[in-house]
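In: Take a look and give me a structure for this.
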Amino acid sequence: MTPETVGPLSRLVDVMNIPPRGQEVHVEASGEERAALAKDFGLPGIQALSGDFKLTTSAKGIHVTGLVKASITQVCVVTLDSFDSDIEEEVEVDFAESSGMPAEPPTDINEYEPPDEIINGQIDLGTLTAEFLALGLDPYPRKPGVDFDYRDPRDEKDSPFAALGKLRTDK
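Out: Modelled structure (predicted):
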């Protein structure tokens, strides 16, 4: 990993020092990191971002489970108003050395989730936190209570059934 390949949130963990019973790691993004991520993700703001992870060793590499939590500000796609929301994303990811990864995925590709790569004996839980925040973002966020019900008036006038509907209301 080089500074150019690491995003604004980085917390490297040396996987060679993980105890046999596992290791718990807490990631908390600073104000500067949250501001940079908000800019990257096109959000008005990220008030809080954290990840709690449990790292365990396996024959194949490192197994990471945990939970990413965030309090964010988004823009409603219907009203264009800003609103606050909370995100919680469960994490379950495997990491392996590149030499331990299979050359080809199994034949049933739908069942295969390739492990992320351990680079220079380290994994980046900050990047993992940012990744799962991105996965938890609604691509079309709506402010609570706002419904999108669009009807083009031209469609109703030009509809072949519009004339029939008009006859019904004229009686």
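In: Check which helix or strand the residue nearest the centre of the chain maps to.
Out: Centroid-nearest residue in the chain, with C-alpha atoms, centre = their mean: Leu135, separated by 1.8 Å. Assessed by DSSP states H and E, Leu135 sits inside helix 125-136.
In: again with Pro141
Out: Secondary structure assignment for Pro141, by DSSP H and E: no helix or strand.
In: cool, Val13 as well?
Out: Element membership for Val13 (DSSP H and E) is strand 12-14.
In: Each with direction, which strands does that strand pair with?
Out: strand 122-124 (antiparallel) (DSSP bridges).
In: mind listing what's buried in the partner strand?
Out: For strand 122-124, the neighbour count (16 or more other C-beta atoms under 10 Å) marks Ile123, Asp124 as buried. Every C-beta, even on glycine, is put in place using the N, C-alpha and C of the backbone.
In: how about the strands in this protein?
Out: 12-14, 23-28, 45-57, 62-75, 82-96, 116-117, 122-124 (DSSP state E).
In: Quick check: which of these is buried the most?
Out: strand 122-124 (a mean of 21; mean count of other C-beta atoms under 10 Å).
In: where's it relative to the chain centroid, distance-wise?
Out: 18 Å (C-alpha atoms, centre = their mean, to the nearest Å).
In: need the contact list for Gly61.
Out: Counting by C-beta atoms under 8 Å, 6 or more residues apart in numbering, Gly61 touches Val15, Asp94, Phe95, Ala96, Glu97, Gly100, Pro115, Ile118.
In: How many neighbouring residues does the spatially closest residue to Thr56 that is not a sequence neighbour have?
Out: Distance criterion C-beta to C-beta, 6 or more residues apart in numbering; nearest residue to Thr56, sequence neighbours excluded, is Gly22 at 4.2 Å. By other C-beta atoms under 10 Å, the residues close to Gly22 number 14.
In: any idea how far Gly22 lies from Val64?
Out: 10 Å (C-beta to C-beta, to the nearest Å).
In: before we move on, what about Val27?
Out: Relative to Val64, and taking C-beta to C-beta, Val27 is found at 11 Å.
In: so what sits against both of these two?
Out: Phe53, Leu125.
In: Which one, of the strands of the chain, ends up nearest to Pro144?
Out: strand 82-96 (7.1 Å; C-beta to C-beta).
In: what's that closest one in contact with?
Out: Here strand 82-96 has contacts from 15, 44, 47, 51, 53, 58, 60-76, 113, 115-118, 123, 128, 132-133, 135-137, 141, 143-144, using C-beta under 8 Å, 6+ apart.
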